[in-house]
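Enquirer: model this:
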Amino acid sequence: MKTSAHILYLRLEQEGVSGRGEAVPYARYGESTDSVQLQLDGVRSAVEDGASLTELQSLLPPGAARNALDLALWDLEAQSQGKSVWELTGYHPRPVVTAQTIVIGSVEEMAQKALELRHYPLLKVKLDQHQIVERMQAIRANAPKPQIVIDANESWNLDLLKGVVPELAPLNIALLEQPLHANEDGALRGYRSPVPLCADESCHSSADIERLKDRYQAVNIKLDKTGGLSEAIRTYETARVADMTVMLGCMVGTSLAMMPMLGLAAQADFVDLDGPTWLKRDRDNGLIFKDGKVTPPQRGIWGGV
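Expert: Here you go, the predicted model:
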């Protein structure tokens, strides 16, 4: 279980106006705070020369470095115009249901956590390859009403998937995230699971949608994977054209990292932005989490006026 998160905070200033962004380098994708800092140092001169949001997309690949810069540029642009990012994008935030995560533990520990969260509308359950059905049956027995998303985190193989899914389907599982490793999910081509499959580690940007649509029924879009809000919007719109279910996810970070997703969240099928709830202390004026819903603060911490 994670006990800390290393974030990257970026602030841009121009003519007395500032824009902020936060990103989380992710080791699964070969990132570290040092590697992301090197990427940002490499484009510093281009940014200082006035690189636009559009130009940024070709300066850096999808990932945490571009995310931090993209978000800071959106924030800067909105404040410079005296508008909100939501006015610029056309996607406006509102209170939405967000998943609350149950981490991997014993059958008894996970069942107890489900009992505590039984009144929440959406639960996300982390699983490995052990005691899959036993854990889920115990969780569902203690939390009969919530929608449930399972996140297997690439820990299964195809035979295991085919063996357990028929027993999971009667438990009314809404989505099953990334059962196979991203390098092995070609095996899913043509397989129709009785529980809808969602691509997480396999889906980084809009360029992946065409390749994935015959393997998965849904995609999990995260800012640190897409490289910012600009590409997150493109990925969302491309997935909709492909008739795929959309989930919005996050790494563990502060409300500053979650806030840019709230406009798209109002349009998504599933939202998993509970990252700040795992922190000992969030940023001041952060998002408001209560009973499985997330509400924007009255005074925004990001996104212009």
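Enquirer: Quickly list the domain ranges of the protein.
Expert: Using automatic domain parsing, the domains assigned to the chain come out as 8-89, 96-295.
Enquirer: Show me which positions of stretch 93-105 end up buried.
Expert: Pro93, Val96, Val97, Thr98, Ala99, Gln100, Thr101, Ile102, Ile104 (16 or more other CB atoms under 10 Å). Quick note: C-beta positions are derived from backbone N, CA and C, even for glycine.
Enquirer: Just put those in CSV and tack on pLDDT and distance to Leu123.
Expert: Listed next are these as CSV, based on pLDDT from 0 to 100; distance: CB to CB, whole Å:
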residue, pLDDT, distance to Leu123
Pro93, 94, 23
Val96, 97, 15
Val97, 98, 11
Thr98, 97, 11
Ala99, 97, 6
Gln100, 96, 6
Thr101, 96, 8
Ile102, 97, 6
Ile104, 97, 14
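Enquirer: want to try TSV for those residues, with secondary structure as columns?
Expert: Formatted as TSV, the buried residues of stretch 93-105 follow (DSSP: H, G, I helix; E, B strand; the rest coil):
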residue	secondary structure
Pro93	coil
Val96	strand
Val97	strand
Thr98	coil
Ala99	coil
Gln100	strand
Thr101	strand
Ile102	strand
Ile104	coil
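Enquirer: mind checking which of the domains of the chain is nearest Gly303?
Expert: domain 8-89 (4.1 Å; CB to CB).
Enquirer: if we can go back for a sec, would you turn the domains of the chain into CSV with distance to Gly303?
Expert: Converted to CSV, the domains of the chain look like this (distance: least, CB to CB, whole Å):
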stretch, distance to Gly303
domain 8-89, 4
domain 96-295, 6
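Enquirer: Identify the residues contacting the residue most central in space within the chain.
Expert: What sits nearest the mean C-alpha location of the chain, by CA atoms, centre = their mean, is Gly249, with 1.7 Å. By CB atoms under 8 Å, 6 or more residues apart in numbering, the contact list for Gly249 reads Asp200, Asn220, Ile221, Lys222, Asp272, Leu273.
Enquirer: can you count the residues close to the fourth one?
Expert: The local packing count at Lys222 equals 23, with neighbours defined by other CB atoms under 10 Å.
Enquirer: ok, it - contacts?
Expert: Counted by CB under 8 Å, 6+ apart, Lys222 has contacts Asp200, Ala232, Leu248, Gly249, Cys250, Met251.
Enquirer: Same check on the last one?
Expert: Leu273 makes contacts with Thr98, Leu248, Gly249, Cys250, Met258, Met261, Leu262, Ala265, Leu287, Val294, as judged by CB under 8 Å, 6+ apart.
Enquirer: Just those: which are in helices?
Expert: Met258, Leu262, Ala265 (DSSP state H).
Enquirer: and the residue nearest to Leu256 when sequence neighbours are not counted, how far is that from Arg299?
Expert: In this structure, Leu256 finds its nearest non-sequential neighbour in Glu22, 4.4 Å apart by CB to CB, 6 or more residues apart in numbering. Distance, Glu22 to Arg299, by CB to CB, to the nearest Å: 18 Å.
Enquirer: mean confidence for the helix or strand that contains Phe289?
Expert: Applying DSSP states H and E as the criterion places Phe289 in strand 288-290. For strand 288-290, the mean per-residue pLDDT is 95.
Enquirer: and the helix or strand hosting Ala111, what other elements does it pack with?
Expert: Assigned by DSSP H and E, Ala111 belongs to helix 107-116. Counting contacts by 3 or more CB pairs under 8 Å, 6 or more residues apart in numbering; DSSP states H and E, helix 107-116 packs against strand 100-102, helix 132-142.
Enquirer: before we move on, what SS does Ser230 have?
Expert: helix.
Enquirer: burial measure for it, as a count.
Expert: The burial count for Ser230: 21, using other CB under 10 Å.
Enquirer: could you pull out the helices for the stretch 151-300 of the chain?
Expert: 158-168, 209-212, 223-226, 229-241, 255-258, 262-265 (DSSP state H, counting those that start in this stretch).
Enquirer: List the contacts of Thr235.
Expert: Cys203, Ser205, Ser206, Asp208, Ile209, Val219, Ile221, Thr226.
Enquirer: Filter these down to the ones in strands?
Expert: Val219, Ile221 (DSSP state E).
Enquirer: can you name the two of the contacts of Thr235 that are farthest apart?
Expert: Between any two of those (CB to CB), the greatest distance is 11.6 Å, for Ile209 and Thr226.
Enquirer: Please identify which of the two sits among more neighbours.
Expert: A count of neighbours by other CB under 10 Å puts Thr226 above the other of Ile209 and Thr226, at 25 against 21.
Enquirer: in which helix or strand would I find the residue nearest to Leu256?
Expert: Per DSSP H and E: strand 17-23 holds Glu22.
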